[in-house]
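# Okay, predicted coordinates and the sequence, questions at the end:
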Amino acid sequence: MVWDFVEHWTLRFGISLFFIFMFSNPQHNIEQFALGDGMRVADFGSGSGAYALAAARAVGNDGKVYAIDVQESSLARLKKVAEEARLHAVEVVRGNLEKAGGSGLRDEGVHAVIASNILFQIKDKGAFVKEVKRVLHHGGRVLLVDWSGSFGGTGPEESAVVKEDTAKALFLAEGLSYEKSIDAGTYHYGLVFKKG
């Protein structure tokens, strides 16, 4: 089943998901995040959409997953894949996550936010975390997954890597509380934060 998923995505996106999965497995990470049926979830910086699709399966037909990205081409591909997979919970949204209100979501509109492999790309990290907090419902949670190093250029440039302690400090500074760490693979760290 996993390999059918990988083959499907490789054909649709022209990338090897085997390459992605050998570093960090979105399905495994979502399972550790424990999303529930009917939840509203925002995937900040959805990119290829692996997390949005895994989240859509977790929240079911009564839930909603907002896949937010600045790249229109990525969103168009994700929308097509979600439709073909009959994952109607996925809604694609073009947004700028480095400005207030840039996600297009209402205040306290979601139960959970996923931020995977995006923090190292964000210039205004403080604005990004503020936007995460703004859209989260009281008691809502954030799953942050990012590269723990450059690994000789396999990951982002060394200067772009956001170390785990730095990432944790960014979220704590905005008043979110650290809940737990997850096993996000050898090359990534995974942190869960809670609002309120």
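In hand now; what should we look at?
# residue ranges of the helices in the chain, please?
Taking DSSP state H, the helices of the chain run over residues 2-13, 17-21, 26-33, 50-59, 72-84, 125-135, 164-173.
# Show me what the fourth one is packed against.
Contacting helix 50-59 under the criterion 3 or more CB pairs under 8 Å, 6 or more residues apart in numbering; DSSP states H and E are the following elements: helix 26-33, strand 40-44, strand 64-69, helix 72-84, strand 90-94, strand 110-116. Bear in mind the C-beta positions are built from the backbone N, C-alpha and C, glycine included.
# go with 6 Å
helix 26-33, strand 40-44, strand 64-69 (3 or more CB pairs under 6 Å, 6 or more residues apart in numbering; DSSP states H and E).
# in this structure, what spans have low per-residue confidence?
1-22 (pLDDT under 70).
# From the geometric centre of it, which residue sits farthest away?
Ranking residues of the chain by C-alpha distance from their mean position (CA atoms, centre = their mean) puts residue 152 at the top, at 24.1 Å.
# Pull out the CA atoms of stretch 180-196 and give them to me as CSV.
Listed in CSV are the C-alpha atoms of stretch 180-196, where the atom choice follows Å, rounded to 0.1, in the frame of the first residue of the first chain:
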residue,chain,number,x,y,z
LYS,A,180,6.2,16.5,23.3
SER,A,181,8.7,15.4,20.6
ILE,A,182,7.9,12.8,18.0
ASP,A,183,10.2,10.4,16.1
ALA,A,184,10.5,12.3,12.7
GLY,A,185,13.3,10.2,11.3
THR,A,186,17.1,10.4,11.5
TYR,A,187,17.4,13.7,9.6
HIS,A,188,14.5,15.6,11.1
TYR,A,189,13.2,16.7,14.5
GLY,A,190,9.5,16.7,15.3
LEU,A,191,8.0,19.0,18.0
VAL,A,192,4.4,19.4,19.2
PHE,A,193,3.2,22.6,20.7
LYS,A,194,-0.1,23.6,22.3
LYS,A,195,-2.0,26.9,22.4
GLY,A,196,-3.5,27.9,25.7
